[in-house]
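Trainee: sharing a model that was predicted from the sequence below.
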Amino acid sequence: QVQLAESGGGLVQAGGSLRLSCTASGRTFSSYFMGWFRQAPGKEREWLTTISPNGGRTYTSDSVKGRFTISRDNAKNTVYLQMDSLKLEDTAIYYCAADNNPGAGVRKSAGYLYWGQGTQVAVSS
């Protein structure tokens, strides 16, 4: 079992940057695909980006491509989400998720077994 804890959320002005972290418990972090999702009020959870277990492959939604970057440090059991050029519409709760093999579900919530509690990101004008 994996426990995930996000951190780094907060209030930021439009155009600014923020880096989220997600730290995992356990000794098998390096075997998991790690993803970031977000959910804005009144909207469905949205997949943003995923990184492969060794960090060699990333997958990113067109909605944030060029602004958001996922990375991981397996020695620290941590995955990061660097968010640049933030927009008002990026306001949401951000979640990290993990799974050994999301397969065809790599871009879907159903592809991930383990989830963090989320961290709030608010972008102001």
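Mentor: Okay, I see it. Here the structure is a predicted model, which means the values were calculated and not measured.
Trainee: got a list of what the residue sitting nearest the centre point of the chain touches?
Mentor: Centroid check for the chain by CA atoms, centre = their mean gives residue 36 as the closest residue, at 2.1 Å. By CB atoms under 8 Å, 6 or more residues apart in numbering, the contact list for residue 36 reads 20, 22, 48-50, 68, 70, 79, 81, 94-97. Placement of C-beta: from N, CA and C, glycine included.
Trainee: mind checking what helix or strand follows the host helix or strand of it in sequence?
Mentor: Residue 36 is located in strand 33-39, with elements delineated by DSSP states H and E. Using DSSP H and E, the helix or strand that directly follows strand 33-39 along the chain is strand 46-51.
Trainee: what's the average pLDDT for that following strand?
Mentor: Averaging pLDDT along strand 46-51 gives 98.
Trainee: which helix or strand lies directly C-terminal to it?
Mentor: Remark: after strand 46-51, the chain's next helix or strand is strand 58-60, criterion DSSP H and E.
Trainee: now, among the contacts of residue 36, which is nearest to residue 59?
Mentor: Comparing these against residue 59 with CB to CB picks out residue 50 as the nearest, at 4.7 Å.
Trainee: returning to what we had before: buried set for the strand holding residue 36?
Mentor: Judged by neighbour count (16 or more other CB atoms under 10 Å), strand 33-39 contains these buried residues: 33-38.
Trainee: one step back: could you dump the contacts of residue 36 to a markdown table with neighbour count, secondary structure and distance to residue 42?
Mentor: As requested, the contacts of residue 36 are exported to a markdown table (neighbours: other CB atoms under 10 Å; DSSP: H, G, I helix; E, B strand; the rest coil; distance: CB to CB, whole Å):
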| residue | neighbour count | secondary structure | distance to residue 42 |
| --- | --- | --- | --- |
| 20 | 23 | strand | 22 |
| 22 | 26 | strand | 24 |
| 48 | 25 | strand | 18 |
| 49 | 21 | strand | 22 |
| 50 | 24 | strand | 25 |
| 68 | 21 | strand | 22 |
| 70 | 23 | strand | 26 |
| 79 | 30 | strand | 27 |
| 81 | 27 | strand | 22 |
| 94 | 23 | strand | 16 |
| 95 | 23 | strand | 17 |
| 96 | 29 | strand | 22 |
| 97 | 25 | strand | 21 |
